[in-house]
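Colleague: Build me a model:
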Amino acid sequence: MAIWELDFYSRPLLDDNQKKLWEVLICETPTRIKQAPEEVFRYSEYCTNTEVNSITLSKAIKKAIAESGQSPSKIRFFRRQMNNMILKGCEDTGIPAAPSRRAYTLMQWIEQREKEVYPEHPNYDETVAKSTSVKYPALNPIALPDAVRGDKGDKWAIVSLEAAAFEDFDEWDIDFGEPFPLNNLSPDTKIPGLLIFSPRSIPLAGWMSGLELGFLHLVEQPRPSLVLETGVSDSWIVADFPNSQTLKEAKNFEEAKQKSHGVHFLAVQGSENEERFAGFWMMKE
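Modeller: As a prediction, this is how the structure comes out:
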């Protein structure tokens, strides 16, 4: 079943009473590498500030379901300050909601609308537009639970694959994972990734699959490590860099990630000799 991404927030637009206009945005999470942008379902609806409640949101979700012809298995949202209202609106339609920084398509769509759609509106408010922010401080990263780690610890490797290598992703042998289209990357773009080798690969991948994986990034303090951001603010240490050589690898990972426009991946395997993956997630910062 489809997964949707949702935002319900004020926009840099004013209504006839000089009050902020609000907007419901809903889009589908792409699930195929070769899924074209025009194949992704999108729904938008403005409302006044007096209509900002879970009832309005629930009605909009029902309209989107009717328009798309399907009901999603869950709805992702990243805006923490709207948590209660979004949870209630989704609950009223019988769809579970998941706080998530994995709403990549939605965030890209909002960015596109901020550049191309809202400024063309007759009541565009440039002052409000410049003050918009959706970032939140992450929690201090913690170690992965002992229950999903091997007794002797997991091994890891930083690797890279060309974008063209993902074209047959749908045919790979993967237990848990999630891809997305690489429509804006050239085939020879290097996509960096972290491979984790664990004797408990299936439990680890299964546990990770329920986390709403956001992105990986290097943290140098208090100790150099690669941190996995999940949900809207959770952080997990997935690899430590105890010496200058491993730290250099991590910095190369960050440089490659910048060149690939933030696209990277996390994969889990039982050993270095396996071809199948217990887990493989494409991610974007």
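
Colleague: contacts and neighbour counts: CA atoms only from here.
Modeller: Will do.

Colleague: so where's the stretch 1-150 of the chain shaky on pLDDT?
Modeller: 129-139, 149-150 (pLDDT under 70).

Colleague: need the helices for it, in chain order.
Modeller: Taking DSSP state H, counting those that start in this stretch as the criterion, the stretch 1-150 of the chain carries its helices at 54-68, 83-92, 104-116, 126-130.

Colleague: Nearest to residue 211, out of the ones you listed?
Modeller: Among the helices of the stretch 1-150 of the chain, the nearest to residue 211 by CA to CA is helix 104-116 (15.4 Å).

Colleague: Output that closest one as CSV, restricted to C-alpha atoms.
Modeller: The C-alpha coordinates for helix 104-116 follow below in CSV (Å, rounded to 0.1, in the frame of the first residue of the first chain):
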residue,chain,number,x,y,z
TYR,A,104,11.8,13.9,1.2
THR,A,105,9.2,14.4,-1.6
LEU,A,106,7.1,16.7,0.5
MET,A,107,10.0,18.8,1.6
GLN,A,108,11.2,19.2,-2.0
TRP,A,109,7.7,20.1,-3.1
ILE,A,110,7.4,22.8,-0.4
GLU,A,111,10.8,24.2,-1.5
GLN,A,112,9.6,24.3,-5.1
ARG,A,113,6.3,26.0,-4.0
GLU,A,114,8.2,28.6,-2.0
LYS,A,115,10.2,29.5,-5.0
GLU,A,116,7.7,29.3,-7.8
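
Colleague: neighbouring contacts of it?
Modeller: The contact list for helix 104-116 (CA atoms under 8 Å, 6 or more residues apart in numbering) reads 5, 6, 7, 25, 26, 27, 28, 29, 30, 129, 284.

Colleague: Report the two of the residues you listed separated the most.
Modeller: 30 and 129 (27.9 Å).

Colleague: Have a look at the two and say which one is more surrounded.
Modeller: Per other CA atoms under 10 Å, whichever of residue 30 and residue 129 has more neighbours is residue 30, with 22 against 15.

Colleague: Strands of the protein, start to end?
Modeller: Using DSSP state E, the strands found in the chain span residues 3-14, 20-28, 42-47, 74-77, 97-99, 142-143, 155-162, 174-178, 190-197, 213-219, 225-230, 234-240, 263-269, 277-284.
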